[in-house]
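Engineer: Starting from these lines, generate the structure:
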Amino acid sequence: MRVTRVLARFPRVTRHAAAVVLAAVAALVGVSAQPASAAPPGIPSKATAQSQLNALTVATQGSTSGYSRDLFPHWITISGSCNTREQVLKRDGTSVVVDSSCAATSGRWYSPYEGATWTAASDVDIDHVVPLAEAWRSGANSWTTSRRQSFANDLTRPQLIAVTDNVNQSKGDQDPSTWQPPLSSYRCTYSKMWITVKYSWGLTLQSSEKSALQSMLNACSS
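Structural biologist: As a prediction, the model looks like this:
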């Protein structure tokens with residue numbers, strides 16, 4: 001039975017747990033999920049990610065004092081009437097149809113974090129791979145608002161990805177030392193995304209975060 005059909009039977013508040021269980025069952029019985037036709041750009045090779053991880057500065061994590069999501073303006077207009085969220089929904093979905101205001105009216109979105117597929121854009125969040133609060137604690141507190149806006153709407157690097165809303169909410173602002181994608185086969189990719197975003201934006205990382213990233217990266221074949 002398709003994961004989408006099963007998940008539709010669950011209330012939104014329990015869909016995260018249901019999605020994780022169903023994804024695990026699918027993996028055990030050999031059912032393949034239908035991946036999206038697009039993925040975030042700029043995901044590096046294992047070798048490049050390793051070099052970037054080695055180059056990152058390890059520092060004590062800063063505080064969230066003074067932090068506000070409003071200091072990272074998003075979503076901004078990208079093209080025509082389409083904002084950043086709408087651009088990512090089109091990029092990461094399949095057969096996406098939008099209306100005149102660029103809102104997705106239909107399509108299919110595969111969430112690689114736990115392997116669930118959705119057919120309603122309302123079930124999908126756009127995750128900041130490196131959360132805004134985590135960026136703040138890692139150096140973005142000293143940035144200009146303009147730079148923080150660019151970070152929060154970065155479509156050039158693998159910083160934005162369409163995922164199940166409840167899974168994104170369970171992640172919150174955690175780093176890989178305390179949260180990793182439920183689907184273990186995606187953790188290699190996730191670590192490479194996280195590393196290259198932090199490297200590209202000159203953010204620091206804490207020692208426990210680096211250890212977790214190294215373990216995830218070690219599982220990559222390439």
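Engineer: Could you list the low-confidence segments of this protein?
Structural biologist: 1-38 (pLDDT under 70).
Engineer: And the strands in it?
Structural biologist: Counting by DSSP state E, the chain has strands at residues 77-79, 82-83, 93-98, 104-111, 116-118, 124-128, 160-164.
Engineer: Same list, the ones you listed, but as JSON lines with distance to residue 45 and mean neighbour count please.
Structural biologist: In short, each C-beta sits where N, CA and C put it, glycine included. Below are those laid out as JSON lines (distance: least, CB to CB, whole Å; neighbours: other CB atoms under 10 Å):
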{"stretch": "strand 77-79", "distance to residue 45": "28", "mean neighbour count": "13"}
{"stretch": "strand 82-83", "distance to residue 45": "31", "mean neighbour count": "18"}
{"stretch": "strand 93-98", "distance to residue 45": "26", "mean neighbour count": "16"}
{"stretch": "strand 104-111", "distance to residue 45": "23", "mean neighbour count": "20"}
{"stretch": "strand 116-118", "distance to residue 45": "28", "mean neighbour count": "25"}
{"stretch": "strand 124-128", "distance to residue 45": "22", "mean neighbour count": "22"}
{"stretch": "strand 160-164", "distance to residue 45": "19", "mean neighbour count": "26"}
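Engineer: Between the ones you listed, which one is closest to residue 51.
Structural biologist: strand 160-164 (22.8 Å; CB to CB).
Engineer: rewinding a little: reformat the strands of the chain as CSV; add distance to residue 149.
Structural biologist: CSV is the format used below for the strands of the chain (distance: least, CB to CB, whole Å):
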stretch, distance to residue 149
strand 77-79, 12
strand 82-83, 12
strand 93-98, 24
strand 104-111, 23
strand 116-118, 28
strand 124-128, 13
strand 160-164, 13
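Engineer: With respect to residue 151, which of the ones you listed lies nearest?
Structural biologist: strand 124-128 (8.4 Å).
Engineer: Run the chain-centre distance for that closest one.
Structural biologist: On the basis of CA atoms, centre = their mean, to the nearest Å, strand 124-128 sits 6 Å off its chain's mean C-alpha point.
Engineer: list the helices and strands that strand packs on?
Structural biologist: Contacts defined by 3 or more CB pairs under 8 Å, 6 or more residues apart in numbering; DSSP states H and E place strand 124-128 against helix 84-92, strand 160-164, helix 165-171.
Engineer: Which strands border it, and is each parallel or antiparallel?
Structural biologist: Applying DSSP bridges to the sheet, strand 124-128 is found paired with strand 160-164 (antiparallel).
Engineer: ok, residues contacting the strand it pairs with?
Structural biologist: For strand 160-164, contacts defined as CB atoms under 8 Å, 6 or more residues apart in numbering pick out 15-16, 19, 36, 39-40, 84, 88-89, 91-93, 109, 111-114, 116, 118, 123-129, 153-154, 193.
Engineer: TSV please, covering the helices and strands packed on strand 124-128 and showing distance to residue 144.
Structural biologist: As requested, these are exported to TSV (distance: least, CB to CB, whole Å):
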stretch	distance to residue 144
helix 84-92	19
strand 160-164	20
helix 165-171	27
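Engineer: So which of these is nearest residue 98?
Structural biologist: Per CB to CB, nearest to residue 98 of the helices and strands packed on strand 124-128: helix 84-92, 6.8 Å.
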